[in-house]
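Visitor: The following block contains a protein sequence and its predicted model.
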Amino acid sequence: MKEDLSDSELREKLAAWRIEAGLPQDFQQRVWKRIAMRDAADVDPPWLIWLRSCLISATQTSLPRLVLTAIAIGLLIGTTTGVVEASRWNSATWSRLEARYVQSIDPYQRIPSS
Amino acid sequence: MSSPSIPISGSPHPKTRVLFVTVAILFATIAAGFGAFWLCTFFGTADLRGVSSDRDAELVWLRREFRLTDSQFQRVRALHTAYAEKCDLMCQRIMNANAALDAAISRNRRVTPEIQQAMGEVGRVQQECQQSMLAHIYEISEQMDPSSGERYLEMMKQRIIQPGLPSNTAVSQ
């Protein structure tokens, strides 16, 4: 059924239109719940969540302390490996010098190999 | 009605920020580690690098290993220099004797007087070289303190007089 309404009549009808139905009681709660479910479905991998929790909390509270700790760990590892490597090199060089002395007094070790 | 708590990140790009901070901290840590490693190896080996480049590095080794005084070191150096010339001559005699024996073995197909003579010469040269070397070792040990001299003799005995022993039998400290 088609009614031909003029603009003025249509405006009147629309102005007089009232929605009788009310919103459900838990409408707002349901909206929040759906938002929360959507956010939960869009989660990051666990390692990123853990890293973020560590770093964001650390950077928000004390970024300098975090950087200093990391640098201290780097210095500790570098120093330890450096001392070990220097000790190994010194030991090898000492043995090489000893062999060089022995070679200098032993004619059999000075004969060039053909 | 109170709304439930929703986790909302404070930064507009938390992932980018976390990655940036992580990379920066890792870079700083690695740079600090490499720097410390380089400094430790550089300064930790500086002394021996200087010794290694010395022309008489083996004598510097002897001096440090046996804690020679200046006067002891001067005497040891003089003995070593004098012995070096004799050692060169002995080296030449060894090579000549070995070459003669080599040629004799190649020329013959059985043990001839020529081979016997060449083998005898090799043995004689070897004996003379060992005697000369041992005399030099005794001379050097006499310049040292008694305990150092004993240790020097023990080390040289294992390295020279008893060939075939593994190198780790040396008692270098």
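Guide: Cool, the structure landed.
Visitor: Low-confidence stretches in the chain?
Guide: Using chain A. Applying pLDDT under 70 to chain A flags the ranges A:1-3, A:42-43, A:55-61, A:112-114.
Visitor: wait, I meant chain B there
Guide: Across chain B (using pLDDT under 70), the flagged ranges come out as B:1-14, B:161-173.
Visitor: just the helices in it please.
Guide: With DSSP state H as the criterion, chain B has helices at B:14-52, B:57-65, B:70-107, B:113-142, B:146-156.
Visitor: For chain A, which residue occupies the most central location?
Guide: Nearest to the centroid of the C-alpha atoms of chain A, with distances taken as C-alpha atoms, centre = their mean, sits residue A:51, at 4.5 Å.
Visitor: Quick one: residues contacting that one.
Guide: Residue A:51 sits next to B:18, B:22 when contact means C-beta atoms under 8 Å, 6 or more residues apart in numbering or on different chains. Every C-beta, even on glycine, is put in place using the N, C-alpha and C of the backbone.
Visitor: what about the strand or helix carrying it, distance to the chain center?
Guide: Taking DSSP states H and E as the definition, residue A:51 sits inside helix A:46-105. Centroid separation for helix A:46-105 versus its chain: 23 Å, with C-alpha atoms, centre = their mean, to the nearest Å.
Visitor: Of the helices of chain B, flag the one that's most buried.
Guide: helix B:57-65 (a mean of 20; mean count of other C-beta atoms under 10 Å in any protein chain shown).
Visitor: So which elements touch that helix?
Guide: On a contact count with 3 or more C-beta pairs under 8 Å, 6 or more residues apart in numbering or on different chains; DSSP states H and E, helix B:57-65 meets helix A:46-105, helix B:14-52, helix B:70-107.
Visitor: go again using 10 Å as the cut-off
Guide: Under the contact definition 3 or more C-beta pairs under 10 Å, 6 or more residues apart in numbering or on different chains; DSSP states H and E, helix B:57-65 sits against helix A:46-105, helix B:14-52, helix B:70-107, helix B:146-156.
Visitor: Distance from the chain centre to it, please.
Guide: On C-alpha atoms, centre = their mean, the centre of helix B:57-65 falls 11 Å from that of its chain.
Visitor: the inter-axis angle of that helix versus helix B:14-52?
Guide: 100 degrees (axes from the mean of the first three to the mean of the last three C-alpha atoms, to 10 degrees).
Visitor: what angle sits between helix B:57-65 and helix B:70-107?
Guide: Using the same axes, to 10 degrees: helix B:57-65 against helix B:70-107 is 130 degrees.
Visitor: Not counting its own residues, what contacts helix B:57-65?
Guide: With C-beta atoms under 10 Å, 6 or more residues apart in numbering or on different chains as the test, helix B:57-65 has contacts from A:93-105, B:47-48, B:50-52, B:54, B:56, B:68-70, B:72-73, B:76-77, B:80-81, B:140, B:144, B:148, B:151-152, B:155, B:172-173.
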